[in-house]
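[1] coords please:
(chains A and B)
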Amino acid sequence: MSEHVSSLILYIAIWIALLAGTLLTVLVAGIDLGPFNAVVALTIATIKATLVVLFFMHVKYTHERLTKVVIVSALFWLAILLALSMADYGTRLWS
Amino acid sequence: MHSSPLATANQPAHENPALLHHFATEEQQKNAASLGMWVFLATEIMFFGGMFCAYLIYRYWYFGDFGAGSQSLSVPLGGTNTAVLICSSLTVALAVRAAQLGKPTTIVVCLILTMLLGLVFLGIKGIEYHDKFVEHHVPGASFNFPGHIPGHPDVPINQQHAQIFFSLYFIMTGLHALHMIVGVGLFAVITYYAMRKRYGPHYYTPVEMAGLYWHFVDIIWIYLFPLLYLIDRHK
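    Purely as a prediction, here's the structure:
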């Protein structure tokens, strides 16, 4: 089989990056950034999730385009769910 | 074609016994399993997405009460659990790698480590739940969450709004924990077959698919931890 085998060093590096991201999230939560506390926390979480998807779940090395279509579609539907819901509930208190 | 280590006397040496008759090649069979798993994970994103959406709406409406609820959770325990899950994701990735390289003993060791880390996560989660029950922070008749909103010493916590936070906390972490229990069960079965040396470079689809599931559950927790534990911590 022509499967890509990642090196042990890469896995360890991703693992350390994920642990560092967790520590960073906890440290940043103690600093007052106003509304940007949530932005920073979600940005770090998204970077961590992307690392897991690309390297631990091997999406970076897959030749199967359907896999990528499924992932992008799922995130797109999630974006519709969150964006349209907040367009309603998020603006009800504006009057 | 390659020769399979699993081939027995009455099977031709060039045929992989794991290849089902309705697939033309091993690669096609693996791609079909992989696509099916990713579609399942897409439905899981929508499943958890509904709860994240409810969380987002109520956090926006009742931010102060959510902050107070969040600060009653233990960051050391939640942070430790995040680290435990990340370590278990590494051991799963290493189990898949061991299968690709044809090291059956390493597969078993990595999978057992994964299950142990999963059980450590569930144990810590159990301690956290126990604390919440003792403190009367579980929504219901005996719910009692005195105090004020972080940063506003004169504004008391709204008990109804705080119960919404704890309802979301228990539902989201509870369903996540349920996924962990299912994952540990999957790995128990796969470890059994790995001990019987079923998996190697030519066939390790179950290890990889269960791994995808485990990584997905890890990603859910990567979002749950900051969203539930770290609201307004600086106040």
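
[2] so where do the helices sit in chain B?
    B:26-61, B:63-71, B:75-100, B:104-134, B:159-195, B:205-224 (DSSP state H).

[3] sorry, wrong one. I was asking about chain A.
    Under DSSP H, chain A gives helices at A:8-29, A:36-51, A:65-89.

[4] want to throw those into JSON lines with distance to B:Ile149 and mean pLDDT?
    Every C-beta, even on glycine, is put in place using the N, C-alpha and C of the backbone. Listed next are these as JSON lines, based on distance: least, Cβ to Cβ, whole Å; pLDDT from 0 to 100:
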{"stretch": "helix A:8-29", "distance to B:Ile149": "17", "mean pLDDT": "96"}
{"stretch": "helix A:36-51", "distance to B:Ile149": "16", "mean pLDDT": "95"}
{"stretch": "helix A:65-89", "distance to B:Ile149": "21", "mean pLDDT": "95"}
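
[5] now distance to chain B and mean neighbour count too, for those helices, in CSV please.
    Shown next, in CSV, are the helices of chain A (distance: least, Cβ to the nearest Cβ, whole Å; neighbours: other Cβ atoms under 10 Å in any protein chain shown):
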stretch, distance to chain B, mean neighbour count
helix A:8-29, 4, 16
helix A:36-51, 4, 17
helix A:65-89, 4, 14
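
[6] let me have the ones you listed in CSV, adding distance to B:Val39 as columns.
    Output for those, formatted as CSV (distance: least, Cβ to Cβ, whole Å):
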stretch, distance to B:Val39
helix A:8-29, 25
helix A:36-51, 19
helix A:65-89, 6
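
[7] ok, the nearest residue to B:Glu135 once chain neighbours are set aside - how many residues close by?
    Spatial nearest neighbour of B:Glu135, excluding adjacent residues (Cβ to Cβ, 6 or more residues apart in numbering or on different chains): B:Ser72 at 7.3 Å. Look at B:Ser72: counted by other Cβ atoms under 10 Å in any protein chain shown, it has 17 neighbours.

[8] and B:Ser72, what pLDDT?
    B:Ser72 carries a pLDDT value of 96.

[9] OK, contacts around it?
    B:135, B:137, B:145 (Cβ atoms under 8 Å, 6 or more residues apart in numbering or on different chains).

[10] which stretch among the helices of chain B comes nearest A:Leu82?
    helix B:26-61 (5.6 Å; Cβ to Cβ).

[11] and that closest one, does that touch chain A?
    Yes: contact of helix B:26-61 with chain A (Cβ under 8 Å from any Cβ of the partner chain) involves B:26-27, B:30-31, B:34-35, B:38-39, B:41-42, B:45-46, B:49-50, B:52-53, B:56-57, B:60-61.

[12] centre of the chain versus that helix, how much separation?
    12 Å (Cα atoms, centre = their mean, to the nearest Å).

[13] can you check stretch B:20-27 too?
    On Cα atoms, centre = their mean, the centre of stretch B:20-27 falls 31 Å from that of its chain.

[14] again with stretch B:48-67
    The chain centre lies 21 Å from the centre of stretch B:48-67; the measure is Cα atoms, centre = their mean.

[15] same list (the helices of chain B) but as CSV, adding mean neighbour count.
    As requested, the helices of chain B are exported to CSV (neighbours: other Cβ atoms under 10 Å in any protein chain shown):
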stretch, mean neighbour count
helix B:26-61, 17
helix B:63-71, 22
helix B:75-100, 22
helix B:104-134, 17
helix B:159-195, 18
helix B:205-224, 23
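
[16] how about the most centrally placed residue in chain B, nearest residue that isn't a chain neighbour?
    In chain B, the residue lying closest to the centroid (Cα atoms, centre = their mean) is B:Val217, at 2.6 Å. Leaving aside its chain neighbours, B:Val217 sits nearest to B:His179 (4.7 Å; criterion: Cβ to Cβ, 6+ apart).

[17] pretty sure that neighbour is touching B:Ile219, no?
    No: with contact defined as Cβ atoms under 8 Å, B:His179 does not count as touching B:Ile219 (11.1 Å).

[18] now do the shared contacts for these two.
    Between them, B:His179 and B:Ile219 share no contacting residue, judged by Cβ under 8 Å, 6+ apart.

[19] all good on my end, thank you.
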